[in-house]
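Participant: I'd like to go over a predicted model; first the sequence, then the structure.
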Amino acid sequence: MILKDTDALYQAIVDKDKKFEGKFYTAVKTTGIFCNPTCTAKIPKQENLVFYKTTKDALMDGYRPCKVCKPMSLSGKAPGDVKILLQEIAENTTIKFKDYDLVKRGISPDKVRKWFQDNHDLTFQDYIRIIRVNHRFGTTKIGDSKNGKKADKNTIVITKIPTPFGTMIAGASTQGICMLEFMDRRMLETQLNRLEKYYSSNLVSGISPFFAQLNIELQEYFGGSRKTFDVPLDIKGTQFQEIVWEALLAIPYGKTNSYQDQAIAINNPKAVRAVAKANGDNRIGIIIPCHRVIGKDGKMTGYGGKIWRKEYLLKLESKA
Ligand SMILES: [Zn+2]
């Protein structure tokens, strides 16, 4: 949850008031870092800050924990072995931990799991995964004069886009939008890797001319006034995926199809499972409306962006 009482919260961080520790977290839009309210690093301008109720909220919106105040260790209250793990993850953001790796260090995987669940409402594995993804929004930015990195024709620019249903990550090539996914999607990291593969590209956070249009159109969509999207798309996948995704684009706003209908639509009536799989591999959520495919019995079946969102999107579309 984003907290709105920003003047009072800003005053609390100016005062470094210890009684607010654990009560909220401060995220800095310009750096992608979040902090305890008492962080000793230089206090940013108020307009660059977002205030979150929990660490999970900040992480899910793409922020990384500050290395100075270490908000994940709860002002130093985390047990020693957990602190060591947090430190290792902070230093090596591509690190992977299996239970076995913890046991080798003499750390109980159950204890670690429980601590993360109790204190951050996340599993340990979720945390590592989120850190790896959020790390992609590093400080190097396209169009940032200080870092001076220039987009070449292969660069995919990524950004975060707030929506009423949580933060999305958008990607754009020079041709158009090539990704739109919810940040909390379990498969997000896989999708980012595929993006790099299909476009032979590195992902760099920054600004694309397509993002402004995407933002406006998404707002209109969520407000119920937009039924189709005009922002250019750059769709790349296997041949089969591309056929399935094109068929998704043909499902009108407010309508639903079954996986069987979709298999028939691509003249491959037996490929129901493969169609379902390719649906799940869709990287441009909402615009390529994979949420409009439901089970034969009308059931809400799997949706990478979570079932409650699928239900909400369909309700939104049926109302308008
Ligand atoms: Zn800090």
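Facilitator: All right, it came through fine.
Participant: And Tyr259, how far from the ion?
Facilitator: Noted for Tyr259: a distance of 47 Å to the ion, by Cβ to the ion, to the nearest Å. Bear in mind the C-beta positions are built from the backbone N, C-alpha and C, glycine included.
Participant: same thing with Arg283?
Facilitator: 33 Å.
Participant: unless I'm mixing things up, that residue is touching Ile177, no?
Facilitator: No - using Cβ atoms under 8 Å, Arg283 makes no contact with Ile177, being 9.7 Å away.
Participant: Mutual contacts of the two, please.
Facilitator: Contact criterion Cβ atoms under 8 Å, 6 or more residues apart in numbering; residues shared by Arg283 and Ile177: Gly171.
Participant: can you map out the strands along this structure?
Facilitator: For the chain, the strands defined by DSSP state E cover 2-3, 25-28, 33-35, 49-52, 64-65, 141-142, 156-161, 168-172, 177-182, 203-206, 257-258, 293-294.
Participant: Pairing partners for the third one, with directions?
Facilitator: Here strand 33-35 has these sheet partners by DSSP bridges: strand 25-28 (antiparallel), strand 64-65 (parallel).
Participant: which outside residues touch it?
Facilitator: Counting by Cβ under 8 Å, 6+ apart, 25-28, 41, 52, 55, 58-59, 63-66, 68-69, 71 sit against strand 33-35.
Participant: restrict the residues you listed to those near the ion?
Facilitator: Contacts with the ion within these, counted by Cβ under 5 Å from the ion: Ala41, Cys66, Val68, Cys69.
Participant: Now the second one. Nearest residue, chain neighbours left out?
Facilitator: Leaving aside its chain neighbours, Cys66 sits nearest to Cys35 (4.4 Å; criterion: Cβ to Cβ, 6 or more residues apart in numbering).
Participant: what about the one you found, how many residues close to it?
Facilitator: Cys35 has 25 neighbouring residues, counting by other Cβ atoms under 10 Å.
Participant: What backbone torsions are found at Gly76?
Facilitator: Note on Gly76: backbone dihedrals following degrees, to the nearest 10 are phi 80, psi 0.
Participant: Enumerate every residue touching it.
Facilitator: Lys70, Lys83.
Participant: one more time with 10 Å
Facilitator: Listed by Cβ atoms under 10 Å, 6 or more residues apart in numbering, the contact set of Gly76 reads Glu21, Cys69, Lys70, Lys83.
Participant: so which of those residues comes closest to the ion?
Facilitator: Cys69 (3.3 Å; Cβ to the ion).
Participant: Give me the nearest residue to the spatially most central residue of the chain, chain neighbours excluded.
Facilitator: Central residue check for the chain by Cα atoms, centre = their mean: the C-alpha nearest the mean position is that of Met183, 1.4 Å away. Leaving aside its sequence neighbours, Met183 sits nearest to Thr167 (Cβ to Cβ, 6+ apart; 4.6 Å).
Participant: any idea how far Thr228 lies from Tyr253?
Facilitator: Distance, Thr228 to Tyr253, using Cβ to Cβ, to the nearest Å: 7 Å.
Participant: Show me the common contact partners of these two, please.
Facilitator: Common neighbours of Thr228 and Tyr253 (criterion: Cβ under 10 Å, 6+ apart): Tyr221, Pro289.
Participant: So those two - more neighbours on which side?
Facilitator: Tyr253 (14 against 11).
Participant: Name the nearest residue to the more buried one, sequence neighbours excluded.
Facilitator: Tyr253 sits nearest to Lys227 (Cβ to Cβ, 6+ apart), 4.0 Å away.
Participant: just to revisit the earlier point, point out the least confident member of the ones next to the ion among the contacts of strand 33-35, please.
Facilitator: Lowest-confidence member of these: Ala41, scoring 88 (pLDDT).
Participant: Measure how buried the residue nearest to it when sequence neighbours are not counted is and give me the count.
Facilitator: Spatial nearest neighbour of Ala41, excluding adjacent residues (Cβ to Cβ, 6+ apart): Val68 at 4.8 Å. When neighbours are defined as other Cβ under 10 Å, Val68 has 13 of them.
Participant: which bits of the stretch 1-150 of the chain sit near the ion?
Facilitator: So far as Cβ under 5 Å from the ion goes, the stretch 1-150 of the chain lies against the ion at Cys35, Cys39, Ala41, Cys66, Val68, Cys69.
Participant: let's see it at 8 Å
Facilitator: Residues of the stretch 1-150 of the chain found near the ion (Cβ under 8 Å from the ion) are 26, 33-36, 39-41, 66-71.
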